[in-house]
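1. Here's a sequence, model it:
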Amino acid sequence: MQSIPGLEERIECLRKISIFKEIADDRKAMEEVAKLFTSVSFKRGGNAFKEKEYGESIFIIKSGTVEVIKKTMQGDPYVVTELTADMNIFFGEVALLDPDDRSATVRCKTDCEFLVLKRDRFIKYGNEHPVTGLLITREISKILCQRLRKSSADIVTLFDALVEEVEKSGGIQ
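-> Now for the predicted structure:
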């Protein structure tokens, strides 16, 4: 059996990522999943992807720092957050479940290396290994549920602030 260059490094990187926590101690499953990923590098200033661009891959930061950038209603860019490899972070995971246009631009603040998994490979793997695929999908779903709950709470907070401002100003004229 021929070894894949960098496989051990990939496995160690993936073990630190929350969506793989249920399989992190299963060597065989981690090897299989690690083989699904490809390595992609971008120079400082390059974009992993752009807002509104069709997406069908998850990205795991192996090295480097990125900025997540959104556009205002007027089209002006603003930095939402900064993510680094030591955060054991990933982005674009929604695309594994439901490919669609990207909600933000991810720009490399430094030279970066990513592990990238395309949706079609993930779906094929899940069909062939349904238990492992389900465990990973459940973890992604938990994260999406947490984000949905936070978004719902944020909407209530914004609505309350708007009502308060309208009341302070004497109401709607």
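
2. Show me where the protein has its strands.
-> 38-42, 47-49, 54-55, 57-63, 65-71, 77-84, 90-91, 100-101, 105-108, 112-118 (DSSP state E).

3. how about the helices in this structure?
-> Taking DSSP state H, the helices of the chain run over residues 7-15, 27-36, 94-97, 119-128, 130-168.

4. Phe20 against Glu32, yeah?
-> No - contact criterion C-beta atoms under 8 Å: Phe20 and Glu32 do not qualify, at 11.4 Å. Where C-beta positions appear, they are placed from N, C-alpha and C, glycine not excepted.

5. Confidence-wise, which helix or strand of this structure is lowest on average?
-> Taking mean pLDDT, DSSP states H and E as the measure, the chain has helix 130-168 as its least confident helix or strand, at a mean of 90.

6. Just the buried positions in that helix, please.
-> By 16 or more other C-beta atoms under 10 Å, the buried positions in helix 130-168 come out as Thr132, Gly133, Leu135, Ile136, Thr137, Glu139, Ile140.

7. want to try JSON lines for the residues you listed, with distance to Phe122 as columns?
-> Below are the buried residues of helix 130-168 laid out as JSON lines (distance: C-beta to C-beta, whole Å):
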{"residue": "Thr132", "distance to Phe122": "11"}
{"residue": "Gly133", "distance to Phe122": "8"}
{"residue": "Leu135", "distance to Phe122": "13"}
{"residue": "Ile136", "distance to Phe122": "8"}
{"residue": "Thr137", "distance to Phe122": "9"}
{"residue": "Glu139", "distance to Phe122": "13"}
{"residue": "Ile140", "distance to Phe122": "10"}
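
8. I'd like to know which of those is nearest to Ile123.
-> Gly133 (8.3 Å; C-beta to C-beta).

9. Can you tell me how far the closest one is from Lys50?
-> According to C-beta to C-beta, to the nearest Å, Gly133 and Lys50 sit 29 Å apart.

10. just Lys118 next, same as before
-> Lys118 sits 17 Å away from Lys50, going by C-beta to C-beta.

11. Neighbour count: the two, which is higher?
-> More neighbours surround Lys118 than the other of Lys118 and Lys50, with 17 against 14 (other C-beta atoms under 10 Å).

12. and the more buried one, what does it touch?
-> By C-beta atoms under 8 Å, 6 or more residues apart in numbering, the contact set of Lys118 is Glu56, Ser57.
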